[in-house]
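S.K.: Give me the fold of what follows.
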Amino acid sequence: MEEPGIYSEYAVKLEKIWEDAFFLFHEFMFERGNEEGLTHVQIMLLKFLLDRETVTVSNVADFMGVTMAAASSLLDRLEKGGLITRDRSETDRRVVYAGLTTQGREVIGTFAARRRKKIQLLITHMGREGARNYIDAEKFMLETLKTVLKEGSEQEDDNV
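M.R.: Sure, this is the predicted structure:
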């Protein structure tokens, strides 16, 4: 039988590992060699736009977890850089759609290729067995997270 406090101990250890990994990975991926001069947030937003044809400012605000004003400001900077376009809806002038330009697609494609090379460098340092173990652990974590989130939303539905 498991010790009662073991999961609390594991949670503390995992939290520390995630914190350390987040900051180191961020430095590795963005601080060193972000030739586009974009912030991590801007790159996330470009990737979000890449996966969709067009989005509204409201979609961006929801995705980024920011206010409409902050989302609009983020889009302003990307538009000034020629990475996105914004167009008003023909049926509702209050609605503005944003989408990637060809230049924006190229920038995110270049970034993705460089990111893939950096990840390959990490995997090479892990070795074949280490890489397999890490991938298996990440898959397990992802499936567990999906289950927990699903159970959480089902519990919320039960409380309504």
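
S.K.: Rounded mean pLDDT for the host helix or strand of residue 145, please.
M.R.: Element membership of residue 145 [criterion: DSSP states H and E] is helix 102-159. Per-residue pLDDT over helix 102-159 has a mean of 89.

S.K.: which strands and helices sit next to it?
M.R.: Packing contacts for helix 102-159, counted by 3 or more Cβ pairs under 8 Å, 6 or more residues apart in numbering; DSSP states H and E, involve helix 40-50. For glycine as for every other residue, the C-beta is placed from the backbone atoms N, C-alpha and C.

S.K.: Now do the helix it packs on: which elements does it pack against?
M.R.: Under the contact criterion of 3+ Cβ pairs under 8 Å, 6+ apart, helix 40-50 touches helix 57-64, helix 68-80, strand 96-100, helix 102-159.

S.K.: can you rerun that using 6 Å?
M.R.: Where contact means 3 or more Cβ pairs under 6 Å, 6 or more residues apart in numbering; DSSP states H and E, helix 40-50 is packed against helix 102-159.

S.K.: pLDDT score assigned to the most centrally placed residue in the chain?
M.R.: The centre of the chain sits closest to residue 44, judged by Cα atoms, centre = their mean, with a distance of 5.3 Å. Looking at residue 44, its pLDDT is 89.

S.K.: nearest spatial neighbour of it, skipping sequence neighbours?
M.R.: Closest residue to residue 44 apart from its sequence neighbours, by Cβ to Cβ, 6 or more residues apart in numbering: residue 64 at 7.5 Å.

S.K.: same check, this time on residue 89
M.R.: Spatially, and ignoring its direct neighbours in sequence, residue 89 is nearest to residue 95 (3.9 Å; Cβ to Cβ, 6+ apart).

S.K.: re the thing from before, next one: the helix holding residue 145 to chain centre, how far?
M.R.: 10 Å (Cα atoms, centre = their mean, to the nearest Å).
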